[in-house]
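1. Mind looking at a prediction? Sequence and model below.
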Amino acid sequence: MTNFNQKLEKLLKKDIRFLDQDGDLIKSEVADKAWKVDKNLIELLLEDKEVKAKFFSEIKGHWIFNIAFFVDFVQDKNFLNDSYTKFKNKIGLTINNKFLNQRDEVALVWPYKDCVLEGGMSEEETERTEIFFNEILAQDEIDRLLDPKVLTNFKRYSKKGEEELKQFRRNEKGEIEENIIIKGNNLIALHCLKKEFTGKVKLVYIDPPYNTGKDSFGYNDQFNHSTWLTFMKNRLEVAKGMLTEDGVIFVHCDNNEQAYLKVLMDEIFRRENFIEVITVVNNPRGRDYGGVANMHEFINIYAKSLNYNLYPLVDEDKEFPYEDETSGFEIRELRNRNTKFNDKNRPNLVYPFYLNPKNKDKNGFYEISIQKKDGWIEVLPTKSQGIQTVWRWGKEKAEKNLNLNICGKGMKENGRYQIIEKYREKARMARSVWWDKEVNSERGTLHLKELFNGKVFDNPKPEETLQRIIEMGTKKGDIVLDYHLGSGTTCAVAHKMERQYIGIEQMDYIKKVTVPRMQKVIEGEQGGVSQTVHWKGGGEFVYFELKTYNQAFVDHIQTAKTTKDLEKIWEIMKTKSFLNWNVDFRNADLAFEEWKALDFKKQQHALIQLLNKNQLYVNLSEADDENFKCSDAEKRLSLDFYNL
């Protein structure tokens, strides 16, 4: 490096905006600020006489910044020729001594920010330290990226346990009627769902990374805000197409990006389709940092069109909150109820009555019995604030003292209960502030701890919050989509509330937390909202994965521990992976000694950048290619899923 180059590098490093987490210069950031004629950059360059003379011209006493010349100089392969950038460029192709991504003829049509955001991460709370990268893909290259993919590792889960999936179940219209959980990059998985589910999803709920600096968006450059918005935009646009015309979307976030997310969603869903931002007071004690103790998060609600449906919530303070969804009836006690006792300490006082729906007198009283009879409806005691209450009399005493087989006046005089048809006159619209124990963030954590006998996930949402959202946005049988599934709360609650659901998650914990949690739901676990919705267990879901190719190399690179590990991966990559079209194999091998001199994170970064991101997963159109080794079952079930 010449003395001048060293002087310029030292000068630019005075501005921390131009440095990555290792203290190296980010040339793209310098160029960006130059094009914007950044005041601080100009003042910095004017500090040194030699630098000033090289990049500024004097005209009538005024110094004019030669922007194009400065940017060309900074981006030239000879500037910082001992840096990581030199290695990266050395293995690429040039035209007239300028690398392709620096030429004006190559347009930035789509910043690719998806392939490694979650790759190789085993726990949600693990702080990301690897270098993130932005890549430029030409528009024709992107077409393959979002093609339908081959699917693999199919399983059906039911009360019988894990079973082989033989085919997808469909209704009379040919539509898939399965609960589905998918492992894979959520952007690519969403595009795989388009053929079968466009216009069919009633509710989308997501709880994406909040861009706090401790999640997947802890980048080494200054683009994390715009990167996060691009990340969200790419997926929200696909999700919008999935919604029914009366469908709605709920997006959870906190203060880090709330204002910008609202503007982005205004653009995608249109301002007139904005419904509300709900403030969720999830930590009533507050978090004592930042000047003001933070107590809340936000849920942004948008509709696909003005024809949306949002349903009222049942008032939890109503006098007789118990409702039996299957019977359509409830019991109302005529005398004072004893809510002091519950089913934990008085289990013998919880038993069903049976109601004859065809025998009702003018006062609204039904014929009832202690004995089960064909065509009669089972009714249990009420619930109060989520606690199962009990009858005052045991079964024998009730049968002896109540004139159960007589309706009308006799029933009113001798009985203790009035049985009436279910009513919802106290249902009400949801409020814009949720401040109650049901949305406290600790509830979700405690529930998972109970399920897994210890902490397995950081800050899962409470099931009660999702129950409220699903009740607002759907009816039984509607489809719910969550493409940031995490520990699986959305699918767990949707399953208990008899909604069809689709969940997508890329992280490895899907196998250790999400799927086992759903198995526990099927077995009838009684945490979360189980008692409130009278969940007893049952149901099924189908699990499958996107069949990886280059993504497998990304995962191996991310989890490698040493340079030796990476060298072995590179040797396999040269013969087995799909590399970018502009990678020169001869230059790559010749430059590898310089690659070894890089720090380990940049070695990982370099190898990942060589991989063609259009081939992260196996395209369905290439299922018969012997290189991908797709089994007959993978091909058959993939075609079945896409209904081809």
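-> Looks like it arrived, so ask away.

2. From Ala303, how far off is the residue nearest the centre of the chain?
-> Closest to where the C-alpha atoms of the chain average out (C-alpha atoms, centre = their mean) is His484, at 0.9 Å. According to C-beta to C-beta, to the nearest Å, His484 and Ala303 sit 20 Å apart. Backbone N, C-alpha and C define where each C-beta goes, glycine included.

3. Then Glu525?
-> Glu525 sits 33 Å away from Ala303, going by C-beta to C-beta.

4. Looking at the two, which is more packed in?
-> Neighbour totals were compared for Glu525 and Ala303, and Ala303 leads with 22 against 18 (other C-beta atoms under 10 Å).

5. Now do that one, the pLDDT please.
-> If you check Ala303, the pLDDT there is 96.

6. Leaving out sequence neighbours, find the closest residue to it.
-> Nearest residue to Ala303, sequence neighbours excluded (C-beta to C-beta, 6 or more residues apart in numbering): Asn273, at 4.5 Å.

7. In terms of pLDDT, where does that neighbour sit?
-> 95.

8. Please parse this protein into its domains.
-> What automatic domain parsing lists as the domains of the chain is 3-78, 146-313+429-546, 329-421.

9. weakest of the ones you listed by average pLDDT?
-> Set side by side, these give their lowest mean pLDDT on domain 329-421, at a mean of 58.

10. on that earlier part again, and the residue nearest to Ala303, how far is that from Tyr302?
-> Using C-beta to C-beta, Asn273 is found at 5 Å from Tyr302.

11. The closest residue to Tyr205 other than its chain neighbours in helix, strand or coil?
-> Nearest residue to Tyr205 in three dimensions, chain neighbours excluded: Phe250, at 4.6 Å (C-beta to C-beta, 6+ apart). Three-state call for Phe250 (DSSP: H, G, I helix; E, B strand; the rest coil): strand.

12. Look through this protein and tell me its longest helix.
-> In the chain, assigned by DSSP state H, the helix with the most residues is helix 224-242.

13. For that helix, buried residues please.
-> Buried residues in helix 224-242, counted by 16 or more other C-beta atoms under 10 Å: 224, 227-232, 234-236, 238-240, 242.

14. As a markdown table, the residues you listed with distance to Ala53 would be great.
-> Formatted as a markdown table, the buried residues of helix 224-242 follow (distance: C-beta to C-beta, whole Å):
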| residue | distance to Ala53 |
| --- | --- |
| Asn224 | 36 |
| Thr227 | 37 |
| Trp228 | 41 |
| Leu229 | 40 |
| Thr230 | 39 |
| Phe231 | 43 |
| Met232 | 45 |
| Asn234 | 45 |
| Arg235 | 49 |
| Leu236 | 49 |
| Val238 | 52 |
| Ala239 | 54 |
| Lys240 | 54 |
| Met242 | 59 |
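
15. Among those, which one sits closest to Arg285?
-> The shortest approach to Arg285 among the buried residues of helix 224-242 belongs to Trp228, at 28.3 Å (C-beta to C-beta).

16. So that closest one versus Leu146, what's the distance?
-> Relative to Leu146, Trp228 is positioned 20 Å away (C-beta to C-beta).

17. Correct me if wrong: the residue nearest to Ala303 contacts Ile301.
-> No - the pair Asn273 and Ile301 does not pass the contact test of C-beta atoms under 8 Å, sitting 9.7 Å apart.

18. More neighbours: those two, which one.
-> Shown here are Asn273 and Ile301; by other C-beta under 10 Å, Ile301 has more neighbours (23 against 20).

19. correct me, but Leu607 touches Trp570?
-> Yes - if you go by C-beta under 8 Å, Leu607 and Trp570 touch, sitting 6.2 Å apart.

20. got the contact list for the residue lying closest to Asp48 once chain neighbours are set aside?
-> Using C-beta to C-beta, 6+ apart and skipping residues adjacent in sequence, the residue nearest Asp48 is Leu11, 6.0 Å away. Applying C-beta atoms under 8 Å, 6 or more residues apart in numbering, one finds that Leu11 lies in contact with 44-45, 47-48, 51.

21. do the same with Ile268
-> Applying C-beta under 8 Å, 6+ apart, the residues contacting Ile268 are 233, 236-237, 240.

22. what about Tyr501, distance to His495?
-> For Tyr501, the distance to His495 - C-beta to C-beta - is 7 Å.

23. Among the two, which residue is more densely surrounded?
-> Neighbour count, other C-beta under 10 Å: between Tyr501 and His495, Tyr501 has more, with 29 against 22.

24. wait, doesn't the residue nearest to Tyr205 sit right on Gly473?
-> Yes - counting by C-beta under 8 Å, Phe250 does reach Gly473; the two are 7.0 Å apart.

25. overlap in contacts of these two?
-> Common neighbours of Phe250 and Gly473, counting by C-beta under 8 Å, 6+ apart, are 203, 205.

26. Which of the helices or strands spans Phe79?
-> If you go by DSSP states H and E, Phe79 is not part of any helix or strand.

27. before we move on, what about Glu498?
-> Assigning secondary structure by DSSP H and E places Glu498 outside every helix and strand.

28. Could you tell me how many residues sit around it?
-> 16.

29. now swap in Asn440 and tell me
-> Other residues near Asn440 come to 20 when the count uses other C-beta under 10 Å.

30. Not counting residues beside it along the chain, what's closest to it?
-> Leaving aside its sequence neighbours, Asn440 sits nearest to Asn282 (C-beta to C-beta, 6+ apart; 6.2 Å).

31. For the one you found, give me its contacts.
-> Asn282 is in contact with 295-297, 439-441, counting by C-beta under 8 Å, 6+ apart.
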